[in-house]
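# Any chance you can model this:
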Amino acid sequence: MLDKKDQGKFQNFLLQLKALIDSFLAPSPEPEEQPKAQVTKAKKQKKKQKDPLAPKMPKSAFIFYFQEKKDRFQSQYPNLQFQEITKLIASEWKDLPKEIQQQYHDQAEQDRNRYSQEQELYQSQTGKQPNGKGQAKANKSSAKKEKIIKILDQDEDNDSFGADIGQD
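Okay, the predicted model is just below:
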């Protein structure tokens, strides 16, 4: 049997256990009454503004074909979504004979030539490189390279590993 001291401890334990069970069985407040956890949104990085004067990228052969056929398919299948129409046009493109596809590839080649000419003109007018880096950044990197080469040359002239050994 338990002595009185142990019985007191056990009684105290049972009371605490009963209070804990009652707290779990008590009705919880409605979800609307519970405070909502505040969610902090991650800051989005700002998208770089494209230069409106920069030439547009060249179109592919499929894009030329797609632009030509899109209106016909949309009128032929008015209930289809854009994604489904795109799939139909793509499957038709795959089944086209190479001779017909070649016409669109020729258009794409002309557009690539147009783009390269416009890009050269744009670079000569603005000094910007095709990847969007300005001429100043290119000058900085070449200046850094020259500085490193100069330091390396100086290190070779000033041999720091005991150049004065054996010299009296």
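# Please report how far the nearest residue to residue 62 once chain neighbours are set aside lies from residue 107.
Once its chain neighbours are removed from consideration, residue 62 has its nearest residue in residue 93; the separation is 5.8 Å (Cβ to Cβ, 6 or more residues apart in numbering). Quick note: C-beta positions are derived from backbone N, CA and C, even for glycine. Distance of residue 93 to residue 107, computed by Cβ to Cβ, to the nearest Å: 14 Å.
# Same question for residue 14.
Residue 14 is 88 Å from residue 107, by Cβ to Cβ.
# pLDDT wise, what is the residue nearest to residue 62 at?
Note on residue 93: pLDDT of 94.
# Spit out the contact partners of it.
Residues touching residue 93, when contacts are defined by Cβ atoms under 8 Å, 6 or more residues apart in numbering, comprise 62, 65-66, 101.
# following the helix or strand encompassing it, which helix or strand comes up?
Following DSSP states H and E, the helix or strand that holds residue 93 is helix 82-95. Next in sequence after helix 82-95, counting helices and strands by DSSP H and E, comes helix 98-126.
# List the buried residues of that following helix.
Residues of helix 98-126 classed as buried: 104, 107-108, 111, 119, 122 (neighbour count, 16 or more other Cβ atoms under 10 Å).
# Measure how far it is from the centre of its chain, please.
Centre-to-centre, helix 98-126 and its host chain are 27 Å apart (Cα atoms, centre = their mean, to the nearest Å).
# how big is the angle separating it from helix 82-95?
Computed by axes from the mean of the first three to the mean of the last three Cα atoms, to 10 degrees, the angle separating helix 98-126 from helix 82-95 equals 120 degrees.
# Would you map the helices across this structure?
Assigned by DSSP state H, the chain shows helices spanning 4-25, 61-76, 82-95, 98-126, 135-157.
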